[in-house]
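**Student:** Predicted model, plus sequence, below.
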Amino acid sequence: MNQEHSGSGDPAKSLELLWRRRPAPTRGPKPAQTVDGIVAVALQVADAEGLAAMSMRRVADELGVGAMTLYRYFPGKGELLDVMLDTVYGELPRRVVPGDWRAALDEVARENRELYLRHPWLLQVAINRPPLGPNVMAKYEWELTAVEGIGLTDLEMDATVALVNGYVHGAVRTAVEARQVIQRSGMTDKEWWLAHVPHLDQIGDLDKFPLSSRVGTAVGNEFDAPYDAEHAFEYGLERLLDGVSVLVGNRTAPEG
């Protein structure tokens, strides 16, 4: 996947757009477009065809206007991408679930996963410099609330949230890539597996790999494929939260 970078636009202009503080264009006729309308079309293109297809010219074509018209609203693609990101982060329900910190972090992971699956182009954006818009800030605030008051330092709270988000990003990327392979090949994982196994049995000297054969057979029998995205996500998330539980336990355990 080709990578774009958030935060690459002009800081002042991006922040004005993110917080909708940018003054309306004063030159020329009365504006026929809006920031929200342009972003909505850009999101439609990115969702349908990926971020590579989303350009200022393509969005202008979809709106039926000249490309230069968009530059009256957005200085460039960098600023448009920032507002797109902040807009989709606003889709997070940010539910407050019953239970302890573990249930809250579990919800953080699942909501972010749902968002990535709904907008796979998010995987193509490096957000080490996140757009500092209202929805990005609200997302971070909600995620930090999951680990507030459980004995972690502020740095550990930030790192724990980043750990969960990083895990989700990686897990969803693998799932999306697997889905794209199925779409391009026209073959499900089960069909791929069944097509290869007879030949592998004839050609491969599997006796040299007893562990691989045993475990691979168990996985294939369980999932009808060598990989199951749902199981991988659930298993990995539980183990990640187990690790955080150890850290929290160490912070809250009585001394001596």
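**Tutor:** It's in.
**Student:** May I ask you to confirm that His119 is in contact with Tyr89?
**Tutor:** No. With contact defined as Cβ atoms under 8 Å, His119 does not count as touching Tyr89 (9.9 Å). (Each C-beta comes from the backbone N, C-alpha and C, glycine too.)
**Student:** more crowded one of these two?
**Tutor:** For His119 versus Tyr89, neighbours defined as other Cβ atoms under 10 Å are more numerous around Tyr89 (24 against 20).
**Student:** pLDDT score assigned to the more buried one?
**Tutor:** The per-residue pLDDT reported for Tyr89 equals 98.
**Student:** and the gap between it and Gly7?
**Tutor:** As for Tyr89, its distance to Gly7 is 14 Å (criterion: Cβ to Cβ, to the nearest Å).
**Student:** ok, now Gly170?
**Tutor:** Where Gly7 is concerned, Gly170 sits at a distance of 21 Å (Cβ to Cβ).
**Student:** When the two are compared, which one has more neighbours?
**Tutor:** Between Gly170 and Gly7, counted using other Cβ under 10 Å, the more crowded position is Gly7 (18 against 12).
**Student:** which ones are touching that one?
**Tutor:** By Cβ atoms under 8 Å, 6 or more residues apart in numbering, Gly7 lies in contact with 14, 78, 82, 127, 129-131.
**Student:** Give me the buried entries from the residues you listed.
**Tutor:** Using 16 or more other Cβ atoms under 10 Å as the burial test, these include 14, 78, 82, 127, 130-131 as buried.
**Student:** and of the residues you listed, the nearest to Ala195?
**Tutor:** Lowest distance from Ala195 to the buried ones among the contacts of Gly7 (Cβ to Cβ) belongs to Ile127, with 38.7 Å.
**Student:** wait, isn't the closest one in contact with Leu85?
**Tutor:** Yes. Counting by Cβ under 8 Å, Ile127 does reach Leu85; the two are 7.1 Å apart.
**Student:** between the two, what contacts are shared?
**Tutor:** Joint contacts of Ile127 and Leu85 (Cβ under 8 Å, 6+ apart) are Ser6.
**Student:** Do a quick rundown of the strands in the stretch 51-200 of the chain.
**Tutor:** Counting by DSSP state E, counting those that start in this stretch, the stretch 51-200 of the chain has strands at residues 125-126.
**Student:** Show me the helices in it, by range?
**Tutor:** In the stretch 51-200 of the chain, the helices defined using DSSP state H, counting those that start in this stretch lie at 56-63, 67-70, 77-89, 101-118, 134-145, 154-185, 189-203.
**Student:** And the fifth one, what does it pack against?
**Tutor:** Packing partners of helix 134-145 (3 or more Cβ pairs under 8 Å, 6 or more residues apart in numbering; DSSP states H and E): helix 77-89, helix 101-118, helix 154-185.
**Student:** residues near Leu122, how many?
**Tutor:** 22.
**Student:** For Gly249, see how far away the residue lying closest to Leu80 once chain neighbours are set aside is.
**Tutor:** Of all residues not flanking Leu80 in the chain, Phe74 sits nearest, at 4.6 Å (Cβ to Cβ, 6 or more residues apart in numbering). Look at Phe74 and Gly249: by Cβ to Cβ, they are 49 Å apart.
**Student:** which intervals of the stretch 101-250 of the chain have sub-threshold pLDDT?
**Tutor:** Applying pLDDT under 70 to the stretch 101-250 of the chain flags residues 204.
**Student:** hmm, 90 instead?
**Tutor:** Scanning the stretch 101-250 of the chain for pLDDT under 90 picks out 127-128, 175-184, 188-210, 212-214, 216-229.
**Student:** could you dump the helices and strands packed on helix 134-145 to a markdown table with distance to Arg57?
**Tutor:** Shown next, in a markdown table, are the helices and strands packed on helix 134-145 (distance: least, Cβ to Cβ, whole Å):
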| stretch | distance to Arg57 |
| --- | --- |
| helix 77-89 | 10 |
| helix 101-118 | 26 |
| helix 154-185 | 25 |
